[in-house]
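Student: no sequence on hand, only this structure:
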Ligand code: URA
C-alpha cells in the first residue's frame, strides 16, 4: 500500500477546498474497501466532499477507483441460439413509488434485448428494487456470474444484488445514508455509474428524478447530474442517455415493497396507473433505441402478455413463486377526506417518509424492512373527493408506527375547494439529455 498518504491530511485538503490527486483517490477507495480507513474518517471526508464538491476529473477518477474495487462483468458477447443479444439497462436516481424497473425489464426483455440490472436497497426515504422483489416468496437476488449469464441468455432479464460489483459503493452508500451526505452530485454520479459500468451492460438509460421526493430538487442540478453521468458512461465506452422525470408526487398509487410489486403486476397485466405505464414505455423506447431494436413495440408486450411472461420467467429463474400471495401488513388505518373538494398536489417526500415510518425502509443499516408496510393512495392529484371518502390507507405490522406516520402525511396533501380548484398539472417527462 502507498504509505505516502494519510486520511487526516486528505480530509483536511478537501475540507479546505483542494482537489484530491488521482493517486490519493485510488488510495482512499482501496484502503476504505479493505477497512484500513476508519468509518469516521470516511464519514468526515464524505461531508467535506458534500460541502466542497469534486470536479469532473476527480469524479471520473473516484468512479474508476470504485469500479476497480471489485469484479467487472462484460456481456457484450452475450448470445442466444448463436445470435448476439444486445444488453441495455436503466437506473433511477431514486424516487417514491418508483417501481418502474419491474415492468420495464420485462418489457425490454420481451422486445428481444437482455437487461442485466444490478440493483440496490432503499436509500433514505426512497425505496429499493431488491427490497420490493424480496416480498415475492422465494425470490433470491444473489446470482453467481455464471448463472447470471445463463439467465440473461435464456430469459433476457436479471435483477440482482451488486455483490462483488463495486464493493466500495456498497460501503459508501450505507455510510452516506446515515451521515446526511446522499444529495451530492459527484457522490450520486459515481455511485450510480460505478455499479452500472461494473455490471457490464452494453448501453444505459438513466431516469434522473427531479422534485420534492428526489435527491435533486430542481431541474438545473438534475441536468448537471445527468450530463456528468453521461460523460462517465462515454468515457468507459457505454452509450448513456437520460430522461429527467418529475418526482414531486409519488409515481402510481402505491408506496411500499409488496404494494408496489402488486401494482407492477397490474401494469404487466395491461392495466395499472397511467403514469407508471407512460414512464415504463418512455424508458423502454430509449433503451430499445440504444440497443438497436427501435423497430419493436414495447406497448404491445403489455397488451399481449409477453412482458408478463418475461417477468414470470425472471422471477422463477431466481427462485420466486408468484403463485404465493404477496404479504399483507397486519394492521391498516385509513385517512378520509374532511370535506368535499379536489385532491391537490401530494408531496412525494411526505409520502416517502410516511412509508418509511411505517416500516417500508430502514433506520439502521442491515435492518429488515416490512414487506407489507406502505401507503395506498386512493385519490390522485386533480381527482374529486367527497367528505368521508378514503384518501390514503396506511399499512404496517407495528401499530405504534401509525402516529409518526400520520404526522409525516398530514402536511403532505391538501383538499382544494371552489369550482376552479385544481393542481397545476406537471409533465411527467421534463427533459432529456444529451
Ligand atoms: N442511486 C444510487 O445508486 N446511488 C446514489 O447515490 C443515489 C441513487
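Tutor: All right, it came through fine. Keep in mind the model is a prediction, meaning the values are calculated, not measured.
Student: and the gap between the closest residue to the ligand within the chain and residue 317?
Tutor: In the chain, the residue that lies nearest the ligand is residue 191 (3.5 Å; Cβ to the nearest ligand atom). C-beta coordinates here come from the backbone N, C-alpha and C atoms, glycine included. Counting by Cβ to Cβ, to the nearest Å, the separation of residue 191 from residue 317 is 27 Å.
Student: and those two? which has more neighbours close in?
Tutor: Ranked by neighbour count (other Cβ atoms under 10 Å), residue 191 and residue 317 place residue 191 first, with 26 against 19.
Student: so residue 115 lies in a helix, does it not?
Tutor: No: according to DSSP: H, G, I helix; E, B strand; the rest coil, residue 115 belongs to no helix; its state is strand.
Student: and it, bridged to which residues?
Tutor: residue 157 (DSSP bridges).
Student: tally of neighbours for it?
Tutor: Neighbours around residue 115, by other Cβ under 10 Å: 26.
Student: list phi and psi for the residue of the chain closest to the ligand.
Tutor: Taking degrees, to the nearest 10, you get phi -70, psi -50 for the backbone angles of residue 191.
Student: wait, it sits on residue 174?
Tutor: No: look at residue 191 against residue 174 with Cβ atoms under 8 Å: they stay out of range, at 11.0 Å.
Student: pLDDT weak spots in the stretch 101-250 of the chain?
Tutor: By pLDDT under 70, the low-scoring segments of the stretch 101-250 of the chain are 123-124.
Student: residues in it within reach of the ligand, list them.
Tutor: 120, 123, 188, 191, 192 (Cβ under 6 Å from any ligand atom).
Student: which of those lies closest to residue 376?
Tutor: Nearest to residue 376, judged by Cβ to Cβ, of those is residue 123 at 22.6 Å.
Student: per-residue pLDDT, residue 338?
Tutor: We note a pLDDT of 94 for residue 338 in this prediction.
Student: does it belong to a helix, a strand or coil?
Tutor: On the basis of three-state DSSP, residue 338 is classed as coil.
Student: residues contacting it?
Tutor: 387, 415 (Cβ atoms under 8 Å, 6 or more residues apart in numbering).
Student: what separation do you get for it and residue 408?
Tutor: Distance, residue 338 to residue 408, by Cβ to Cβ: 18 Å.
Student: again with residue 270
Tutor: Residue 270 is 34 Å from residue 408, by Cβ to Cβ.
Student: can you list the domains in this structure?
Tutor: If you go by the TED database, the domain ranges for the chain are 7-53, 79-318, 331-416.
Student: residues of stretch 26-38 that come out buried?
Tutor: Neighbour counts over stretch 26-38 (16 or more other Cβ atoms under 10 Å) mark 26, 27, 28, 29, 30, 31, 32, 33, 37 as buried.
Student: quick one on the thing from earlier: please name whichever of the domains of the chain is nearest to residue 72.
Tutor: Within the domains of the chain, the stretch nearest residue 72 is domain 79-318; the backing value is 4.9 Å (Cβ to Cβ).
Student: and the closest one, how far apart are its ends?
Tutor: 20 Å (Cα to Cα, to the nearest Å).
Student: that domain: how far from the chain's middle?
Tutor: From the chain centre to the centre of domain 79-318 is a distance of 7 Å (Cα atoms, centre = their mean, to the nearest Å).
Student: now stretch 314-322: buried residues?
Tutor: 314, 315, 317, 318, 320, 322.
Student: just put those in a markdown table and tack on secondary structure and pLDDT.
Tutor: Shown next, in a markdown table, are the buried residues of stretch 314-322 (DSSP: H, G, I helix; E, B strand; the rest coil; pLDDT from 0 to 100):
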| residue | secondary structure | pLDDT |
| --- | --- | --- |
| 314 | helix | 98 |
| 315 | helix | 98 |
| 317 | helix | 98 |
| 318 | coil | 98 |
| 320 | coil | 98 |
| 322 | coil | 98 |
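Student: dump these to a markdown table, plus distance to residue 372.
Tutor: Formatted as a markdown table, these follow (distance: Cβ to Cβ, whole Å):
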| residue | distance to residue 372 |
| --- | --- |
| 314 | 23 |
| 315 | 18 |
| 317 | 25 |
| 318 | 21 |
| 320 | 17 |
| 322 | 17 |
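Student: quick one: stretch 77-95 to chain centroid distance?
Tutor: On Cα atoms, centre = their mean, the centre of stretch 77-95 falls 17 Å from that of its chain.
Student: show me which residues of that stretch are buried.
Tutor: Judged by neighbour count (16+ other Cβ under 10 Å), stretch 77-95 contains these buried residues: 78, 85, 86, 87, 88, 89, 90, 91, 92, 93, 94, 95.
Student: show me those that map onto strands.
Tutor: 89, 90, 91, 92 (DSSP state E).
Student: can you name the residues that contact the first one?
Tutor: Remark: with contacts taken as Cβ under 8 Å, 6+ apart, residue 89 is in contact with 115, 116, 117, 118, 196, 199, 201, 203, 204, 205, 287.
Student: for the fourth one, give me phi and psi.
Tutor: Going back to what we said before, that points to residue 118. Torsion angles, degrees, to the nearest 10, at residue 118: phi -80, psi 120.
Student: could I get the contacting residues of it?
Tutor: 89, 160, 161, 162, 165, 195, 196, 198, 199.
Student: how about residue 332, nearest residue that isn't a chain neighbour?
Tutor: residue 395 (5.0 Å; Cβ to Cβ, 6 or more residues apart in numbering).
Student: picking up where we left off before, can I get the contacts of residue 118 in JSON lines with secondary structure?
Tutor: Formatted as JSON lines, these follow (three-state DSSP):
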{"residue": "89", "secondary structure": "strand"}
{"residue": "160", "secondary structure": "strand"}
{"residue": "161", "secondary structure": "strand"}
{"residue": "162", "secondary structure": "coil"}
{"residue": "165", "secondary structure": "strand"}
{"residue": "195", "secondary structure": "helix"}
{"residue": "196", "secondary structure": "helix"}
{"residue": "198", "secondary structure": "helix"}
{"residue": "199", "secondary structure": "coil"}
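Student: scan those residues and report the most crowded one.
Tutor: Neighbour tally across the contacts of residue 118 (other Cβ under 10 Å): the maximum, 31 neighbours, falls on residue 89.
Student: bridging residues for that residue?
Tutor: residue 204.
Student: can you give me the pLDDT of it?
Tutor: 97.
Student: try the one 5 residues further on
Tutor: The pLDDT attached to residue 94 in the predicted structure is 89.
Student: isn't residue 42 right up against residue 31?
Tutor: No: judged on Cβ under 8 Å, residue 42 makes no contact with residue 31 at a distance of 9.3 Å.
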